[in-house]
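>>> model the following, please.
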Amino acid sequence: QVQLVESGGGLVQAGGSLRLSCAASGRTFSTTIMGWFRQAPGKEREFVGAISSSGGIIYYADSVKGRFTISRDNAKNTLYLQMNSLKPEDTAVYYCATKSRGSWTSTAETDFGSWGQGTQVTVSS
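Numbering: from 1, shown residues only. All right, here's what the predicted structure looks like:
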């Protein structure tokens, strides 16, 4: 089973940028669809975006489209989330996860298997 560790979170002012990383262990990273989710205080965990195993196909939630960029480096077993033009409503714990089932376009949390421990992102106004 893949183990995931997120890093790169922190406190940033509105309009700023952060880049999150997700380091994966195991040999299957390069063949696994990966996703990012986030959970704000008092809210359910929500889908942010996902990337195909090769990195050639990426899709995003409407709330982050045009501001966030997902990428991956399969040689380094690492997934990234570049976040620009951050807003206070982006404040959340961010998680990376492996896609384990379901259709390519499914954003259901239950279709993702292994999860990292999360990294806190706080955007001040």
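
>>> residue ranges of the strands in this protein, please?
Using DSSP state E, the strands assigned to the chain run over residues 4-7, 10-13, 18-24, 34-39, 46-51, 58-60, 68-73, 78-83, 92-99, 112-115, 119-124.

>>> show me what the helix or strand of the chain with the lowest mean pLDDT pairs with in its sheet, parallel or antiparallel.
Sorted by mean pLDDT, DSSP states H and E, the helices and strands of the chain end with strand 112-115, the least confident at a mean of 94. In the sheet, strand 112-115 lines up against strand 92-99 (antiparallel) (DSSP bridges).

>>> distance check, Cys111 against Ser100.
Quick fix: residue 111 is Asp, not Cys. Going from Asp111 to Ser100 by Cβ to Cβ, to the nearest Å gives 7 Å. Heads up, the C-betas are built off the backbone N, CA and C, glycines and all.

>>> quick one: which of the two has more around it?
Asp111 (17 against 14; other Cβ atoms under 10 Å).
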